[in-house]
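Trainee: No letters, just coordinates:
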Ligand code: SF4
């Protein structure tokens, strides 16, 4: 069985052809232009992950706060992660790198601020 993926490692977006066994387990990949794509394919099959970015309203600031997960989280948790970001309460001032949501969705990964707000 074959599956077509688009590598998200860079803007080239190489089209990867992944061969899976009868249980859906990764066997091989072709179509990558570098080792990032070669490593992305088996990871995407076994445990797809994504960085999550969002913005939040902050009391007292007209400017929204941009945030992101410090590392990629399992793709299946994206909406739960966005919910935890939406429910978070924060106060000014905020510095880049401040933890906004610790251990989001129990992943051990924090959501952090990506800008300063005074
Ligand atoms: S395989 Fe390499 S060159 Fe191709 S999209 Fe992925 S990171 Fe970019």
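Mentor: Yep, it's here. Because the structure is a prediction, the values reported are computed rather than measured. Residues are numbered from 1 along each chain as shown.
Trainee: Next up, the contacts around the residue nearest the centre of the chain.
Mentor: Centroid-nearest residue in the chain: residue 51, 1.5 Å away (criterion: CA atoms, centre = their mean). Applying CB atoms under 8 Å, 6 or more residues apart in numbering, we find residue 51 in contact with 68-69, 71-73. The way it works is simple: take the backbone N, C-alpha and C, and place the C-beta from them, glycine included.
Trainee: Tell me which of these fall in helices.
Mentor: Using DSSP state H, the subset of these located in helices is empty.
Trainee: In TSV: those residues, plus pLDDT and neighbour count.
Mentor: As requested, these are arranged in TSV below (pLDDT from 0 to 100; neighbours: other CB atoms under 10 Å):
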residue	pLDDT	neighbour count
68	98	16
69	98	24
71	96	11
72	95	15
73	97	21
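Trainee: for the longest helix along the chain, packing partners?
Mentor: Ordering each helix of the chain by length in residues (DSSP H) puts helix 35-46 first. Contacting helix 35-46 under the criterion 3 or more CB pairs under 8 Å, 6 or more residues apart in numbering; DSSP states H and E are the following elements: strand 2-6, strand 15-20, strand 26-30.
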